[in-house]
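Colleague: quick one: sequence and predicted model below, then my questions.
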Amino acid sequence: MADTIVFLPDFLCDARAFWPQIMHFSASRAVQIGSMAHADSVGALAQRVLDGAPKRFALCGVGLGGMVAMEVLNRAPDRVSRMALISTTALTEPPHVAADREPGIIGVRNGRLIEVAKAQIEAAGVGEVGHRAEVIDLVLDMAEALGPDAFVRQSRALQRRPDPQRVLRKAKQPVLVMCGDEDQLYGVKRHEFLAELIPNAELKVIAGGGHYLTLEHPTSVNHALKGFLDAPLVLR
């Protein structure tokens with residue numbers, strides 16, 4: 001029986017960020033969505049994932065969810081069969097970036113969630129796809145549904161995220177690293193660095209893709225994930 005795949009959403013996102021993947025994979029394997037909205041540290045979020053996940057599972061994390069996936073691997077490597085890391089980074093938050101989050105947090109606390117979220121979505125980079133406006137509207141809708149408190153908690157988790165590089169260098173699982181070549185938040189070079197850290201990693205770059213790949217290019221993401229998940233579990 002195929003392992004359950006646990007999807008971990010990005011900053012500002014909920015399960016709807018994986019709707020194309022849920023529709024595609026739920027016919028052939030169990031699918032579970034972790035929440036990134038109920039704790040203000042990557043460690044606490046990772047523990048919530050582990051508390052709710054099956055004994056053994058595959059992981060797919062995007063952005064903040066990818067950072068949490070790396071911490072899940074750190075805490076319970078024997079429970080993770082394989083892992084996909086999308087639109088994310090293995091680097092800690094630079095001090096100037098952490099400081100730049102503070103005005104947004106203040107703005108959100110003062111009732112400007114949508115204004116702040118829209119600026120952050122545009123800065124992250126949305127690919128020039130035909131449904132670009134729909135992607136932006138959906139991410140804004142997810143941000144509004146999560147609410148101001150979740151925005152602040154997720155911002156704190158990003159600011160204080162741990163350095164996962166030691167964990168990744170020792171990873172025994174196969175890992176798929178995927179990004180769009182138009183991602184402005186975590187660009188191709190960061191993903192090349194991430195893939196180089198991991199002994200059994202492969203890198204997939206999607207042309208014309210921005211930061212929100214699962215929504216922008218769902219067919220390409222699903223195809224890459226399916227090939228990765230269905231491949232024999234043989235390490236190089």
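Modeller: Happy to help now that I have it.
Colleague: quick one: the most centrally placed residue in the chain from residue 53, how far?
Modeller: Closest to where the C-alpha atoms of the chain average out (CA atoms, centre = their mean) is residue 62, at 1.2 Å. According to CB to CB, to the nearest Å, residue 62 stands 17 Å off from residue 53. C-beta coordinates here come from the backbone N, C-alpha and C atoms, glycine included.
Colleague: how about residue 16?
Modeller: In terms of CB to CB, residue 16 sits 20 Å off from residue 53.
Colleague: what's the burial count for residue 79?
Modeller: Residues lying near residue 79 (other CB atoms under 10 Å) number 15.
Colleague: ok, and the closest non-adjacent residue to it?
Modeller: residue 56 (5.5 Å; CB to CB, 6 or more residues apart in numbering).
Colleague: show me the contacts for that neighbour.
Modeller: 3, 79-81 (CB atoms under 8 Å, 6 or more residues apart in numbering).
Colleague: what does stretch 215-228 rub up against?
Modeller: So stretch 215-228 is contacted by 17, 19-21, 24-25, 60, 82, 84, 86, 126-127, 129, 131-132, 135, 138-139, 174, 176, 178, 180, 202, 204, 206, 208-210, 213-214 (CB under 8 Å, 6+ apart).
Colleague: likewise for stretch 179-191?
Modeller: Residues outside stretch 179-191 that contact it (CB under 8 Å, 6+ apart) are 63, 86-91, 123-125, 127-128, 177-178, 203-211, 213, 216-217.
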